[in-house]
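In: here is a sequence with its predicted model. Questions after.
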Amino acid sequence: MSTDNKSLKRIIDFRHEKLDAIKNSGINPFPYSFDRTDYADDVIKSYDPDSDKKQVSIAGRIVSMRKMGKASFTHLQDESGKIQLYIKRDDVGVDVYNNLFKNLDLGDIIGVTGYVFVTRTEEISVHAEFLTILSKNLRPLPNLKEKDGVAFNEYGDKELRYRHRYLDFIANPQNKIIFEQRATIISAMRSVLDSNGFLEVETPILQQIYGGASARPFKTFHNTLDESLYLRIADELYLKKLIIGGFEKVYELAKNFRNEGMDRSHNPEYTSLEFYQAYVDVYYMMDFTEMLIKTIAQKLNVDTVEFNSFKISLSKPFEKKSMFELLNNASGKSVDTMDRLGLYEYAKELKLEIDKKMNYGQLLDAIFEHLVEPTLINPTFVYDYPKAISPLAKGKRDGNQDIVERFELFIGCTEFANAFSELNDPIDQRQRLESQAKLREIGDEEAQNVDNDFIEAMECGMPPTGGVGIGVDRIVMLLTGQNSIKDVILFPAMRTEKEK
RNA sequence: GACCCAGUAGCUCAGUCGGUAGAGCAACGGCCUUUUAAGCCGGCGGUCGCAGGUUCGAUUCCUGCCUGGGUCACCA
């Protein structure tokens, strides 16, 4: 009963034999460095027919091989791109050609020194004069055959690409661009915040009481403390403690962890940007958020994006609409005058999945999601949210008991940001969290906890504050035109692969 | 969590209206000193995702499960 893959095992065996052959000829197949001075792409771009035979030294992975007995062509791939090598026995030496080159495989990493020339078929190439191995490949790579940048056997299986991301980047180097852009986006976020006087901070990921959002957590255990800890679902409460402590502008690029469903816009660990500023309100933050997103888009030279099959302009002014204005328009009814029972009846009329326990805010939210969200294609700040679903936001300044100062930013029918005029009245805050706790008691697993530490901090005096949370992965999706969060996360969460 | 689709060689795929499978690439041997999806010749490589059921016989039909993708629900 053998579960060996004979074909694969045989290929690997041959590679080991070649590795041994290289070692036996006195060459270290895994040396320590190589004096690389040139990149493939630069060599091609800077080629000058008048200064033929320019000396270059390049290093990279062998991605194609055409052996013709005593001379061969291969393509070398480095970070910048690909370049063809011409390796002639009489020029690299009979020993190197027979003992080293003949034992090289697709996927090996080599270093080459030689001169630039143009082949008969007019491809700028490097004529090798010195060849060395830098690392041996022992496992076959995906099929890398391509012509004019188009793969013939595309390595496109998503499961394989995500599980073996390195193979994805070797076979589909263009996919690296998304992650270069991701880095640019995050760097631009930092740059905007830093230059506006925000301090970047780091707050605990392991927390005794999780809070700051409505979500189910991951639970873990600390042996020495002998207590259960949670992986944070948000960093909000800690950042507010810093505002209380006198840091007036803070931000954190935080990995959050939520024990919920996974789909094309949710990964169990994801990156959020939260920033808080003392003495401003949610409306100030609205303008700041718009500026932040537009600045990032400009940095990427993105003006119009295609997202969720919508074409969206990011340079025009973002719209600002109140939730009720949108609801009344979409429904043709006066949703703003409905009470809880009225909303309940209307939700039933719309055939929404609701249950009798839902409060005013939850019903309003359900109706909003159904009627309005699908219409929010152009960037739109939606403000005036129900208090019942916003336990950390300050009540509206006009005295309306059911509404808080909060906005969410929607682009392409997807939520990108969530912000409040932060609640800074500790008495009100305790009541709000206590009513959340009651929801937990009747089975709402996502309702928030009473965090006495947080309330105690607020009792020491918290300035009026504006706070914003932005889904970084989603921003990357938007700006790079990706429709799956897995395509903007290097190593997305996957179920453990069964033993084969 | 619900529904739909997919899983065949290392990779990309075909195929079998039920009689245990083919191709290209890769890999292996041979020829080839400007090729480029190099070419030519030769020989390999698979318990057809897993487990049951029906059947004389299952990779194919049925059921369950696993993994992934997609849609929906919840959330960011």
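Out: Sure, I can see it. What you see is a predicted model; the values in this text were computed from it and never measured.
In: residue in the stretch 401-500 of chain A nearest to RNA strand B?
Out: A:R495 (3.1 Å; C-beta to the nearest atom of the strand). Just so you know, the C-beta spots here come from the backbone N, C-alpha and C atoms, and that holds for glycine as well.
In: what does stretch A:74-89 contact?
Out: Counting contacts by C-beta atoms under 8 Å, 6 or more residues apart in numbering, the residues outside stretch A:74-89 that touch it are A:39-44, A:58-66, A:70-73, A:97-98, A:101, A:110, A:112, A:114, A:117, A:119, A:123-128, A:131, A:170, A:173.
In: mark which of the residues you listed are buried, thanks.
Out: Neighbour-count burial (16 or more other C-beta atoms under 10 Å) applied to these gives A:39-40, A:42-44, A:58-65, A:72-73, A:97, A:101, A:110, A:112, A:114, A:124-128, A:131, A:170, A:173.
In: distance check, the closest residue to A:D35 other than its chain neighbours against RNA strand B.
Out: Distances taken as C-beta to C-beta, 6 or more residues apart in numbering put A:S57 closest to A:D35, at 6.1 Å, once the chain neighbours are dropped. Distance, A:S57 to RNA strand B, by C-beta to the nearest atom of the strand, to the nearest Å: 19 Å.
In: for A:S57, helix, strand, or coil?
Out: Following DSSP: H, G, I helix; E, B strand; the rest coil, A:S57 is assigned to strand.
In: so what pLDDT did it get?
Out: A:S57 carries a pLDDT value of 98.
In: next to RNA strand B, which bits of the stretch 401-500 of chain A? Give me the list.
Out: A:415-416, A:418, A:446, A:469, A:471, A:473-474, A:483-486, A:492, A:494-495, A:497-498 (C-beta under 7 Å from any atom of the strand).
In: can I have the buried ones of those residues as a PyMOL selection?
Out: In PyMOL, this line selects whichever of these come out buried by 16+ other C-beta under 10 Å:
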select buried, chain A and resi 415+416+418+469+471+473+474+485+486+492
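In: before we move on, the earlier item: let's verify the residue of the stretch 401-500 of chain A closest to RNA strand B: helix, strand, or coil?
Out: Relying on three-state DSSP, one would call A:R495 coil.
In: dihedrals phi and psi, it?
Out: phi -70, psi 150 (degrees, to the nearest 10).
In: list the contacts for it?
Out: No contacts exist for A:R495 under C-beta under 8 Å, 6+ apart.
In: ok, back up a step: out of the residues of the stretch 401-500 of chain A next to RNA strand B, which sit inside strands?
Out: A:415-416, A:418, A:469, A:471 (DSSP state E).
In: surely A:T480 touches A:R182?
Out: Yes - using C-beta atoms under 8 Å, A:T480 is in contact with A:R182, at 7.3 Å.
In: shared neighbours of the two, anything?
Out: By C-beta under 8 Å, 6+ apart, A:T480 and A:R182 have these common neighbours: A:V488.
In: give me the element A:V404 is part of.
Out: strand A:403-411 (DSSP states H and E).
In: what about A:P464, how many neighbours?
Out: Neighbour count for A:P464, taken as other C-beta atoms under 10 Å: 14.
In: would you map the helices across the stretch 251-400 of chain A?
Out: A:282-299, A:323-331, A:340-349, A:360-371 (DSSP state H, counting those that start in this stretch).
In: what helices or strands is the first one leaning on?
Out: It refers to helix A:282-299. Here helix A:282-299 touches helix A:176-195, strand A:269-278, strand A:380-386, strand A:403-411, strand A:414-421, strand A:465-471, helix A:472-480, going by 3 or more C-beta pairs under 8 Å, 6 or more residues apart in numbering; DSSP states H and E.
In: run the last query once more with 7 Å
Out: helix A:176-195, strand A:403-411, strand A:414-421, strand A:465-471 (3 or more C-beta pairs under 7 Å, 6 or more residues apart in numbering; DSSP states H and E).
In: check the second one too.
Out: Helices and strands in packing contact with helix A:323-331 are listed as helix A:360-371, strand A:380-386; criterion 3+ C-beta pairs under 7 Å, 6+ apart.
In: where does the stretch 151-300 of chain A dip in pLDDT?
Out: Filtered on pLDDT under 70, the stretch 151-300 of chain A yields no residues whatsoever.
In: how about the residues of it by RNA strand B?
Out: A:152-160, A:162, A:213-215, A:258, A:260-261, A:263-268, A:270, A:272.
In: give me the pLDDT for A:N5.
Out: pLDDT, A:N5: 69.
In: tell me how chain A divides into domains.
Out: Per automatic domain parsing, the structural domains of chain A span A:3-141, A:176-318+A:378-487.
In: and the first one, how far out from the chain's middle?
Out: In terms of C-alpha atoms, centre = their mean, to the nearest Å, the centre of domain A:3-141 is found 34 Å from the chain centre.
In: doesn't A:S228 lie inside a strand?
Out: Yes - A:S228 sits within a strand when classified using three-state DSSP.
In: residues contacting it?
Out: A:219, A:221 (C-beta atoms under 7 Å, 6 or more residues apart in numbering).
In: ok, which stretches of the stretch 1-150 of chain A are strands?
Out: Taking DSSP state E, counting those that start in this stretch as the test, the strands found in the stretch 1-150 of chain A are A:55-67, A:71-77, A:82-88, A:109-118, A:124-135, A:146-147, A:150-151.
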